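**Student:** Predicted model follows, preceded by the sequence.
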Amino acid sequence: MVLFGKYNVLSLQHMKKKVRVRFAPSPTGGLHLGGVRTVLYNYLFARQNEGDFILRVEDTDQTRYVEGAEKYIQDCLQWCGLIPDESPLHGGPFAPYRQSERKQLYRQYAELLVLQGQAYYAFDTPEELDEMRSRFKTVENPSPQYNQVNRIKMRNSLTLGTQEVQTLITEGAPYVIRIKMPEDETLTFTDMIRGEISFETNLVDDKVLLKADGMPTYHLAVVVDDYLMKITHAFRGEEWLPSAPVHILLWQYLGWKGDMPQWAHLPLILKPDGHGKLSKRDGDRLGFPVFAMNWTDPKTGDLIAGFRELGFLPEAFLNLLAVLGWNDGTEQELFSKDELIEKFSIEKVHKGGAKFDFEKAKWFNHEWIKRLPATHFAPQVKELFSNEGITIADDEKFISVLELVKERCTLLTDFVQQAGFFFKAPEQFDIASVKPKWTEDKALFFDIVCEKLTLLENWTTQAIEALFKETAAEKNIKPGELQLPLRIMLVGGKFGPPVFDIATIIGKHDTIERIRKAVREIG
RNA sequence: GGAGCGUUGGUCAAGGGGUUAAGACGCCUCCCUUUCACGGAGGAAUCACGGGUUCGAUUCCCGUACGCUCUACCA
């Protein structure tokens, strides 16, 4: 099995390395909204401070390693524009980044802590731990911890004789190294968002630092790596707050207190219905994506939808994420990446979690489609078109059509319906909307219109409209009753820009052909 | 159960001892438009509860309730 390592993904050229932040997405597959937002806030902070930005993908749990997750995360962040395309994946000043290659490093520090009496060996098997938990379990205390009270009842280097410990180790008995939480101390630290936070050490348990397989837990790895990689700021999700005292203590024990990064614990993104952290399952259940890009779980084959494939613009995606839990104090809601770099401040990030609202997310996308020039997203729309079997021969026409219809498109995928008929005649007509009011007179009207159009030399919106209305007057039919049928003949349904504009763009030949075909079908 | 963190309309939120408590999404009505949108005008809807401090509390303090996270040899 390949170990999923840590990577120094980017070093921006302009950076002066005053500040170094790091982000560690979970490698268990996918990259959810909260993850991207954490990277975004890290990124903005780093850019503001001309700092370095280390992206580390961690996995200390080999059983959860997912093939392809590394590449996927890189792709997502590239799509979002948070890492440059040419960013090096390996190398950098803090190599090695692969966890397996750093294995001895972590052990060395764990052993040091044991030597200093701040950690200890524990030989308890998983079964013994289970047994302890069920033995001490009461109604008041449903989850007994391996802590100051219970550790004296367990098999560890605190309760066993030195000789016995030595024997067990030389015999190869599996063991872990646990931190020894001190008694009656108050651990305090300052969070950039929440201010001062404190914990009583008596209430924190003796977390495992080094696992029986020799790999570190997150607690050890994050402290050792942040120190060695000279991280100055660490932003992570609020779910890490309860384990912060362990990390603070480790920084102290290892003698690195002065180099400890500044912390910011970000609020969680919550489910729109009910409560709780937004999870990947919620996407399916509620009908919206929770990942940046499509993710196929290689183990189960399940596809989890992404914002990109659904038709979101990276600009909109970043924007909506940025303001979900942050606001600059003004009424502004639309921010470009550059504006965010200018205006973002970690202190103004909210303390409380925010429920995700997909309707608002779509609104952001709509706004970005409207404000960006069509050239910006034309390539992706073109791809969408070719998937639908529509090929674009004339790029200039394509761009102007996209420009014409973009205000009607909330998602990039909407362009297929809103603009497809400019390039390909509709295969089906919404006949039901025409038929009830269809008459012989109307059929005749369209025949005459076609004949007149054939002779029309000046193919402009005004000329077509004038011809259409004159003919209607001659036949004594209200133009209003004819416009909807004409629209349906040309586009297939009740949508699209003004109908005479459409006729102008699709041209004389196609206009006449579509009308004739539709008249035949209706009649 | 314990610990930590949180709580302004349905949602995102501004504000912060005296305000008609911004704005946005969504919803509703109207205008524009003989399609759908865009745009414009308007509407309904909010400071979790109880105490204190204060002339005055949505704002400060304390409780309570509720919610969330953690409580793994996962991160």
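**Tutor:** On my side now, so go ahead.
**Student:** can you pull the buried residues of stretch A:282-300?
**Tutor:** A:282-283, A:288-295, A:297 (16 or more other CB atoms under 10 Å). All C-beta atoms are positioned from the backbone trio N, CA, C, and that covers glycine.
**Student:** Apologies, that question was intended for stretch A:142-149.
**Tutor:** By neighbour count on 16+ other CB under 10 Å, the buried set for stretch A:142-149 is A:144-148.
**Student:** and if you look at stretch A:171-189?
**Tutor:** For stretch A:171-189, burial by neighbour count (16+ other CB under 10 Å) applies to A:175-181, A:187, A:189.
**Student:** same question, stretch A:347-355
**Tutor:** For stretch A:347-355, a neighbour-count test (16+ other CB under 10 Å) marks A:349, A:353-354 as buried.
**Student:** Now the stretch 401-523 of chain A against RNA strand B: closest residue?
**Tutor:** Residue nearest to RNA strand B within the stretch 401-523 of chain A: A:Gly480 (1.4 Å; CB to the nearest atom of the strand).
**Student:** burial measure for that residue, as a count.
**Tutor:** For A:Gly480, the neighbour count with other CB atoms under 10 Å is 8.
**Student:** One more: the one 10 residues further on?
**Tutor:** When counting by other CB under 10 Å, one arrives at 24 neighbours for A:Leu490.
**Student:** give me the element A:Leu209 is part of.
**Tutor:** If you go by DSSP states H and E, A:Leu209 is part of strand A:208-210.
**Student:** which one of the buried residues of stretch A:171-189 sits closest to RNA strand B?
**Tutor:** For RNA strand B, the closest of these turns out to be A:Val176, at 4.6 Å, with distances computed as CB to the nearest atom of the strand.
**Student:** Find the residue closest to the closest one in space, skipping its chain neighbours.
**Tutor:** Using CB to CB, 6 or more residues apart in numbering and skipping the chain neighbours, the partner closest in space to A:Val176 is A:Val208 (4.8 Å).
**Student:** Check what pLDDT the one you found gets.
**Tutor:** For A:Val208, the pLDDT comes out at 97.
**Student:** Now for it: which residues touch it?
**Tutor:** A:122, A:176-178, A:217, A:219 (CB atoms under 8 Å, 6 or more residues apart in numbering).
**Student:** Serialize the buried residues of stretch A:347-355 to CSV and add fields for secondary structure.
**Tutor:** Below are the buried residues of stretch A:347-355 laid out as CSV (DSSP: H, G, I helix; E, B strand; the rest coil):
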residue, secondary structure
A:Val349, strand
A:Gly353, coil
A:Ala354, strand
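**Student:** ok, of these, which one's closest to RNA strand B?
**Tutor:** When those are compared for distance to RNA strand B (CB to the nearest atom of the strand), A:Ala354 wins out at 3.5 Å.
**Student:** isn't that closest one right next to A:Leu266, touching?
**Tutor:** No - A:Ala354 is beyond contact range of A:Leu266, at 10.6 Å (criterion: CB atoms under 8 Å).
**Student:** Touching both of these two, which residues are there?
**Tutor:** By CB under 8 Å, 6+ apart, the residues touching both A:Ala354 and A:Leu266 are A:Gly325.
**Student:** Please report phi then psi for A:Thr296.
**Tutor:** phi -110, psi 120 (degrees, to the nearest 10).
**Student:** just checking, it touches A:Leu303?
**Tutor:** Yes - counting by CB under 8 Å, A:Leu303 is a contact partner of A:Thr296 at 5.0 Å.
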